[in-house]
Each structure stands twice: as structure tokens, then as C-alpha cells.
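K.L.:
structure for the following, please:
(chains A, B, C and D)
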4 protein chains.
Amino acid sequence: MSFSQSTGMFVAETHTSAVTWFFTIEKMLLSGKTKYQDYQICEVPRFGKSLFLDHNIQTSLLDEHVYHECMSQPAMTVHPNPRKVAVCGGGEGATLREALTHNTVQEAVMIDIDEELVDMVKEHMKEWHQGAFEDPRTTLVHADARRYLEDHRGAGFDVILSDLPNPHEDGPAVRLFTKEYYRVCADAMSDDGVFAMQAGCANANYPYCFSACMKTLMDMPDVFPIVRGYWGHVTTFMMPWGFILASKKHDPMELSELEISNRFAARGVKDRYYTPRFHNAVFTLPDYLYEAIEECGRVVTDAAPFLWEA
Amino acid sequence: MSFSQSTGMFVAETHTSAVTWFFTIEKMLLSGKTKYQDYQICEVPRFGKSLFLDHNIQTSLLDEHVYHECMSQPAMTVHPNPRKVAVCGGGEGATLREALTHNTVQEAVMIDIDEELVDMVKEHMKEWHQGAFEDPRTTLVHADARRYLEDHRGAGFDVILSDLPNPHEDGPAVRLFTKEYYRVCADAMSDDGVFAMQAGCANANYPYCFSACMKTLMDMPDVFPIVRGYWGHVTTFMMPWGFILASKKHDPMELSELEISNRFAARGVKDRYYTPRFHNAVFTLPDYLYEAIEECGRVVTDAAPFLWEA
Amino acid sequence: MSFSQSTGMFVAETHTSAVTWFFTIEKMLLSGKTKYQDYQICEVPRFGKSLFLDHNIQTSLLDEHVYHECMSQPAMTVHPNPRKVAVCGGGEGATLREALTHNTVQEAVMIDIDEELVDMVKEHMKEWHQGAFEDPRTTLVHADARRYLEDHRGAGFDVILSDLPNPHEDGPAVRLFTKEYYRVCADAMSDDGVFAMQAGCANANYPYCFSACMKTLMDMPDVFPIVRGYWGHVTTFMMPWGFILASKKHDPMELSELEISNRFAARGVKDRYYTPRFHNAVFTLPDYLYEAIEECGRVVTDAAPFLWEA
Amino acid sequence: MSFSQSTGMFVAETHTSAVTWFFTIEKMLLSGKTKYQDYQICEVPRFGKSLFLDHNIQTSLLDEHVYHECMSQPAMTVHPNPRKVAVCGGGEGATLREALTHNTVQEAVMIDIDEELVDMVKEHMKEWHQGAFEDPRTTLVHADARRYLEDHRGAGFDVILSDLPNPHEDGPAVRLFTKEYYRVCADAMSDDGVFAMQAGCANANYPYCFSACMKTLMDMPDVFPIVRGYWGHVTTFMMPWGFILASKKHDPMELSELEISNRFAARGVKDRYYTPRFHNAVFTLPDYLYEAIEECGRVVTDAAPFLWEA
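P.N.:
You can find the predicted model right below:
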């Protein structure tokens, strides 16, 4: 028989009605609240330093690289010469950090609405941003990303990376998962621009957000003729995470392992999860996700937004 | 702020010191104890009917097919004509069920030590075995699988599927994850036999069992010149699961999508997760697993067994 | 440092926003659902056999006697000659059992609306009722207790014991914690009748139900000139529980230890918690409860019912 | 049906194998570690500011007065003229605070081994000590309390209050719950000195520590002819807590309500839980505790210490 009980400190996160995760907090490093969210920075055994926002695990040192490489690298790599990049959201600065590894980049704008959080990150999460905020190519803006891009139509971003919180009701990101938002992004991009976004869970338990995002982006072929879903297994999230690359011209499925290697070498990129060898596996989704797009995907608009299940 | 608390019935499973999962039990269908283990059959929201053994989630209707297809189909498929199959362990009868989908099979022996559990499964988990125990090709034996195979050296199994519980200390499976056991399997196999096993977690958090099994099988090239690790994402387990195919002659990496399609069609096999299209993704492991094999893998023997962390 | 995590089966009950209790389920004996409620009968370590209704702990063998003696014995004892007794609710049959220990009793009616639950109790909770349902003096009625008593005005019960579930919204007991209900009880009682009820938590955390019940009964001096709050510490509930005795004539505060001893001896009563020696302690409440009656008590009526906090 | 799941931050404490409490942490105020223990100061809903040591709840603003009045006031009050007082342990400074309410006190020594914790308390738990550390009558010593008293035999303390952590194995208090320790206390007391201690849980679930302490003090009638167990219900602890008063001469059972009122008035004491009216209830224990003393109490010595169950 196997019985034991809990003693300790925990952050609990419910992932659908099926299961609640109690993460062990070995050491509470920082706990506070910004205008937008509650946060904790903690040591979690095996995960190392970890960030929780509103009691949802966000990232840990164990494998933040998996998430952030998937968030940045396919889009950055598929573009033949990414000079101007925007990161929407991206609080920890690690998506920005990944984008900056491409020496082609001349300008990187990160637009995150939560200034207090980014200030906290700058000081307490250096392992994530690794100085990216101090990079001379970086401009940090605290604003609503959609509004910023609306004000910068025609800015000609080669790559836009949409690293936003999930669209929880009453949260700040609901209008940043809609067709209107994607169009705003497209308008701020160059003619061969590439857009990538985090699109929610890619497990069989909650494929709804990913399916809806896919369906929506696939519904605007005039804007994005190429839409590719992909995934990365994030141990910290206890599931594979879904991402989408939407592109005006360049198709990641046409990129060979050799070409990726060459681009990495030329641009000074060294990855751990999204490697040239692993590119195809990242872009190969299981049937259940394709079925979910058909069965439960729907076009998401400002008028009919997708709301993450409470 | 997001605060809520629990009311309800739960089965809790700790997965390393990092996290404990509390699965919601919507309905308790059956709860009991065999000579070897505690069991519960429950309705879990979204997972549907689910089995817990010693308070560890084993399988749910949501995606038992992912696990059981991975357990059976690569080995069955890579063999050009699997007629005689053995399943070691395999309590729910679903690994057996998958093997029997190949119409080439003339004889399938399932050797599971826990008769009480299998009796319970027969009556209460029909969605899993789907009549496989009644298939005229099936022989069900209640014995220690290793001992059975020792007594059947030279039996000429084309495929052996090792679907055993993790090697918990004091559990019945510790001696079924060792080099000696793999040799016993090889001796009971035909000259072009294929062996496959479930090999534990394939996440970044606990790659130890998988690494050790890989290292061990790779350390016996005279017996198994071909050793291929692969994985499948099991939502119910909240992680990708690791499997290993060890083969005397046939290499799954040389199997084309077309050849798999042809074999499926000829043998009457229809899969949902392990599809011809998805074969390559299943056999493409991320770098962290290869690194783990190097860094923490070791040869496991009867004298130096691998014990799953409590 | 003290860290450990949970493995096992649990029933979780939230007690206010402050704390959730996870009870260890060593063995699930029975789990089901009646028209009115979900139930589990389980072995809990140290508590022994225990009953949960809607995932709220109800009673355990460890100290069911504390609750049931407090529920029955003060009212039974203060009445000089209780012949006719009614138990409202009282599912487990243990309040009835206690009442029947007084050999003065000639007739005991138990009115519990949940027939399925009582049938289950009869078979699976014999340690509680101990044959009380088979006592020739017992009449068991499955009906709404308030309606039954309305139909039996003038029945002349010497003692009415109101052992009802807490008044959860949408539950069956909301109208059995109101002034109108207490009046119905009074009308069904003899001229020197005694009424006792379970009145909710008596801790500093949730004194609201107890306070409201006290305030309400104290607001009807024409009906019940004597109203006495009392408490008993129920380890299983992890708090002291509150009870109220409302009486037309007999006052428990005027009962001496000697008189209680004499009545126990004469009537064949043997108690473990509510003993003659302990009577005064049971009727001595701490100041915080008196303050709560003043500060948050209010008269509860059908029109303005008390609803237990979710 | 009642189902909900947890989101939030929690401190979990297992209370015997029966139950684990998950306390909701609304706000983490401070979290750290001294040489002796881990601590958290948090806002818990309804409890208010609360202290956890090694993930065990210690005290909350909801009812810290219940515990600290019980810890101090019976001993202080029964002594006709307490001038010189020692507090052993007492980290929060609230036992000291209560003792100092008696204007008879000329000298109060608090001996707590954990200087880091007391420094933290001084700054962050002012609601507890309320300036007691700055009282000119106070001397604060950081030392092992037993060693300090051994060095102060004949010091003539009128009252010694032993407010120590439970005797967890490897903890600093194991040798402060033994007969040898009590004798050291007696030797440091005046001829009519009064000793009081916190003695562990007083519920039916874990009466072992209380029983052992009672048995031990009752086994030294030459030193303490008068030994009285008493209890107070601490909502924060979810149980009644046990205390023991051991006295060379003065007996609390002989103190009338009037005499207590007079002493309170003369000395300027105002209590909320331990009131003159409530004194008798506090000193009236239920039978189960007397039975536990008989059945599982035993004399505790340095050679055969009592160790709190893990």
C-alpha cells in the first residue's frame, strides 16, 4: 500500500475538471501582485526557479528553453533575413532573448502591458532575459500590444512573436487571440513577414484554444496563405504546448534540415530543443489535434472571442 | 485573483518531488485490492473511466489507445509476418487487443502474474480488452513472465511485448527490467524477433528509467543489434511516455510511410495515434533524452537493478 | 525541513475559505448516490469507519458518540419522563439509539426524508443504529419532517430531536431551521416538551449558523421560555459543535450532577461524553459565541432563511 | 453534487494519518529559515495574519488570545502575588505579553533559543508581542531554556510558563518535556511557585503527548503535589489544546469565580477567553482524556523521551 500525505508549501493549479496540480514550493523567493496579476517566484524541486502568475505555472529553469525556442526560433529561422522583430507580451524576456540570438536582427521591440511585472523580471529573473533588455537593439514598450501595432501599421516587422497570456475572461489578452488582432499584426509586418504565437495546450484534454486559433488563422488565406501548427513538449507544463506559425510567404515545411543548420551557423544560433534534426518532429502534429480543429475549432473574432475555461 | 478550494473525492499521485496530481473522482466504480496491488476504477472528468493501481494512474478511456498502440504497433508492424506473439504483463488486455488486430497472428500468449486483477479487468474493463481474452488465438497464463519465458526458451515468438508495471522496489517487476530478462526474452524469440517494452517517463523530469533501459539494451548488440527508443504523448499521464524497440533484424527506421500503410491495409490494422504519417515523429526523440542516456543511463542487471524513485 | 507529498485516495472538504481538509481514505467501503445526496462509507485511519455526504464528513466511529449523546441526552435527561420522542432527520439511527436508552420511552418516531440513505445505513452502518430501527418502540417514516409534524400537531411529543443536515442552499433542510419550523415543533410537543437541535459549528471561524439559530429561538419566549446553547467537541469535525435546547418548562441549568446521575441510573443510561460530571462544561459556552449571537445572529424565517456558506 | 478544485497557494500540514489541512495563503508576507526552523508569515482568509513553523500552523490573529491566555493566565492568576516570571520558549512574545498584564510582575525573563525567529517576530508580528519585548521588566535571553534554568537553580521564579514547540524528533524541545526538565523548573521556582505548560493536542485523535505529560507530572508528587490538566479550544488549530498546571501549593480548582474577578481587577487583567466565568469549564476535561492518561500515558524521561509522531 502506498500512502503518504502532504506537508509543505504548494501552489495549486487546476487543469480542467480532471486534475489539480500541487507544485511543491521549496523556497518562496518573491510573492506579490501587479495591477494585472498575482505572481510568485519560487524554487520548485527539480524544476528549479519557477514563475507562477495567478497561481498558474508559467516557466521554470528546467525547460524554459523548450517553450521559448518554440516561441521564437521557427519563425525567426524560416525568415531569410529577419531584421526587425516585435515581441507581443513576452514578460520574462526570454522570447526576446531567443530572437536576438539571430545576428540579422537590427531592431527588436517588446510590447508588454505589465510594467511592474517586467521590472520585477529584470531584477529577479536574470536567468531568463540574460541581459536582453539591455541589448542596444531592444526597445521596451509598456502598452497594449494590439493598440501599439494598430499605431504602427506599415512598420514592416519581419517577424512578430505573440507570446501572450492565455485568453482568460476579464484578462488583458482576450482581444489578442482574434481575427482582428491577427490582421493588425499582418498590417504591421513586411510583405514576407512571419507571425508566430503561443496557442495553448496541445494535449487531448484541452485542445480548444489551439483549435480555435488554427481555425481562425486558416480562415484568412488572403492574409496568411501559410498556416502551420506545431508543438513542443514542456515538462513544466505537463503537456505538449501548441504554437502556430502564420506566414505571408515562407513555409517552414519547405525548410530542410541542412538549410536550418546553415542558417543557425550563419546567424550564430545554438538551440537545445528546436534543433535542425528535430524541426520535422516539431511540425508533425498527431491526428487528434487535426481532428480537434475540425470538430471544435471555430473562427474567433472580437465579437465572438475565445475564453479559456475557468 | 484566482482562489478556489477543493471539495470532492480525489486520488493523489506524486510525480517526483516537484508535483502531486489530484485526480477528481466523479464516481467510484470499483475499489479493491489484489495480492499484488490496490486498485480503483473511477470516472474522472474528461478522462472517462480510468484505472489506478496503488494510486498511480494507469490508463483512461481518453487516450488508452495512445499508450497501447505505441506498446504494440511499432513492433508488430516492423515484423514482416508476426505469427506468434507474447505479451508480458499487459493487465488491461489492450496490448493484447492491439497485437491481435494483425491478422497474421496465429497465437498470442499473455502472461500476467495478477490473476485477480485480470479477472476484474475481464468483467469491468471491457472497453479495454474488447473481447481479446476470448479470441481463440489467445492463451492467458498467470505466472511470472520471466519464469514463463525461461521455461519457453526456443519457443520462437516473433514479437514479445513487455507491458509491465514500473520497477518499484518490492514490486513484482524489478527483475523484468534487467539485462538478464532481456536475454531470456531474446532466447524465447525467433531469429528475426522483435521486442518492445514500455520504458517509463520520457519527460525532462524523470528520464532515469528510460535512460537505463536504453543503455542496457544498447549494451547487448550481439543479441539486439537494433535498439530504437520512441515516445508517445499520453495526456492521461501528463507526459510523453517512453518505449523501446529492440530487434534482431528488422529496423523501424527503415520502414517507409508507404510500407506501413501497406502492411496496415494487408493485415486489417487501423490506428489512431501511431499512423503511417506519424511513425517518424514517434521515433524522433528530443535531444534531452539522448543526453539523459549519456549522462544518467547505466546497464541494469539483476545484481544492480533499477529502482523507481519512491 | 519537512516536506512530503500525497499519495492515496482522499475526500476533500473545504471549511470556509481558510482551509480544506483532505481525509485519507484507507479503504472505500461503499460509494453511491441517493435522490438527495452523494455518499461514501470509508475507512479513515484513526477515525475508523466514516460517512461522507456530499463530500462532507458526517460521522466516524472514533467519536460518533460525542455528537449523538449531545444531540439526544441533554433533552432526554432534562425531561422528567420522556415517553414519546420524535427524531427529525437522524439518518444514521444513532440519535434514535441514544433516545431509546431511556427506558421511559414508549414510542419513538424517526422522520427522515432520504429512504435510500436509511436503507443503506441499516445494512452498512450497524455500529451506529445498533438495532434501533428494529426496536418495537420505533416507527420509521420517510417524509419531510416539517410536513410530518404539521400533520401531527397536538401529537404531544415529550422530546423532539432535530438532527438535520446543515441548511445548504437547495438542500432539503433550509425550511427546517426557521422560526416557522420551531413553532411547528412546539405545536407537536406536550406542554412540558423539550426540543433539541444540532445548530452548526461552534468555533470562532463559522459561528453564523449557531448564532442565527440561537437568536431565532430566543425570539420566541412565549413558545420556548428557556433556550440554552451548548457544545461538544467532535474530533472528527475538527471543531466543537453547537447544539441548542429549547424548552417549555424544564431547564437543564437547574439540573444537578446528582439528579442527572439518578436519572441515568433509573433509566438505564450510560454515557461516555455527556456524563453527569461533564454536564456543566457542556452548557458553558465561551464568550466568543455569546458575542457572535449579539453581533451576527438574526431571526431566521421562511422568508429570510439562513443559508450555509457554500 | 459538490465538486470544486483548488487554485491558489497553500501550506499543508498533516495531522496524523487521518487528515491533511491545506491552509489558503491569500498573501505571503514573509518566508524564510532560521537555524532551527522554516517560517512563513501569511494572510489566511478568516484567520488573518498567521505564522507557520516547519509548515505547522502556530498562531493566527483570529484567536491567538485563546492559546496565549490559556498558556499564561491560569498560572499567573492562581499565584497570589507573581513577581518574578520565566517564559521558556514563547517566540511570538504573546505569552510574555499576557504575563506582563499582571501588575504584580517586577521581572520577566523570556528564554528562547531561536534568536533569528524572535528578531523576525519583533519586527513583523507586533500584533502578538504588543511591545512586551520593550517592557522595562523584560529580559530576553537566547539560550536553551533547560540549560538556563539549570544555571539559575534557586532563582525563585513565582511562575514558569513553558511555551515550547512540540517534541519532534531531532527538534530542540525533546529534552524539555521530561521529568528531569520539570525538576529543573521546580528547582528554579519559589516555594509556592506555579508551573504551566502547553502539552499538545487535547482531541481524541492524538491525546498521546498530553497524556504522557500528565502522567509524568503526576509521578512527581513530592515536587508538584498539585497537577491539573486543562484545555482551550483553538479554532486555528482545529482542536482543543491541552495545558497542564503543576503547582507546589496553590490549586486552581480552589479558586472561585469571585476570587478570579477580584484578582483580575486588582492586577489590571482583562481576558477574552479565560474569564472568571469560564475558569471552571477550562479545568473540566472530558472523560476521554482521563482515559487516555490511564491507557496511553507514561512517565517521560531523558532516557525515554516522548517523540511526536512524524
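K.L.:
stretch A:25-41: end-to-end distance?
P.N.:
End-to-end span of stretch A:25-41 (Cα to Cα, to the nearest Å): 9 Å.
K.L.:
how many neighbouring residues does A:Leu96 have?
P.N.:
31 (other Cβ atoms under 10 Å in any protein chain shown). C-beta here means a position set from N, CA and C on the backbone, and glycine is covered the same way.
K.L.:
how about the backbone phi and psi for it?
P.N.:
Per-residue torsions, A:Leu96: phi -60, psi -50 (degrees, to the nearest 10).
K.L.:
then the one 5 residues further on?
P.N.:
Backbone dihedrals for A:Thr101, given as degrees, to the nearest 10, come out at phi -70, psi -20.
K.L.:
for A:Tyr290, same thing?
P.N.:
Torsion angles, degrees, to the nearest 10, at A:Tyr290: phi -60, psi -40.
K.L.:
so how far is chain C from it?
P.N.:
37 Å (Cβ to the nearest Cβ, to the nearest Å).
K.L.:
ok, now A:Leu285?
P.N.:
34 Å.
K.L.:
let me see the ranges of the strands in the stretch 51-200 of chain A.
P.N.:
Per DSSP state E, counting those that start in this stretch, the stretch 51-200 of chain A carries strands over the ranges A:56-60, A:84-89, A:107-111, A:138-141, A:157-163, A:189-201.
K.L.:
list the neighbouring strands of the fourth one plus their orientation.
P.N.:
Right, strand A:138-141. Taking DSSP bridges as the criterion, strand A:138-141 sits next to strand A:107-111 (parallel) in its sheet.
K.L.:
chain center to the partner strand: distance?
P.N.:
Counting by Cα atoms, centre = their mean, to the nearest Å, strand A:107-111 is centred 15 Å from the centre of its parent chain.
K.L.:
tell me the angle of that strand relative to strand A:157-163?
P.N.:
30 degrees (axes from the mean of the first three to the mean of the last three Cα atoms, to 10 degrees).
K.L.:
contacts for strand A:107-111 next, please.
P.N.:
A:83-90, A:93, A:95-96, A:99-100, A:135, A:137-145, A:148-149, A:157 (Cβ atoms under 8 Å, 6 or more residues apart in numbering or on different chains).
K.L.:
and stretch A:137-151, C-alpha only, in CSV?
P.N.:
The C-alpha coordinates for stretch A:137-151 follow below in CSV (Å, rounded to 0.1, in the frame of the first residue of the first chain):
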residue,chain,number,x,y,z
ARG,A,137,18.8,46.6,-30.4
THR,A,138,15.9,46.3,-27.9
THR,A,139,13.1,48.8,-27.3
LEU,A,140,10.8,48.0,-24.4
VAL,A,141,7.3,49.4,-24.6
HIS,A,142,4.6,49.1,-21.9
ALA,A,143,1.4,49.2,-23.8
ASP,A,144,-1.4,47.0,-25.0
ALA,A,145,0.3,45.2,-27.9
ARG,A,146,-2.7,45.4,-30.2
ARG,A,147,-3.1,49.1,-29.7
TYR,A,148,0.7,49.5,-30.3
LEU,A,149,0.6,47.6,-33.6
GLU,A,150,-2.5,49.4,-34.7
ASP,A,151,-0.5,52.6,-34.2
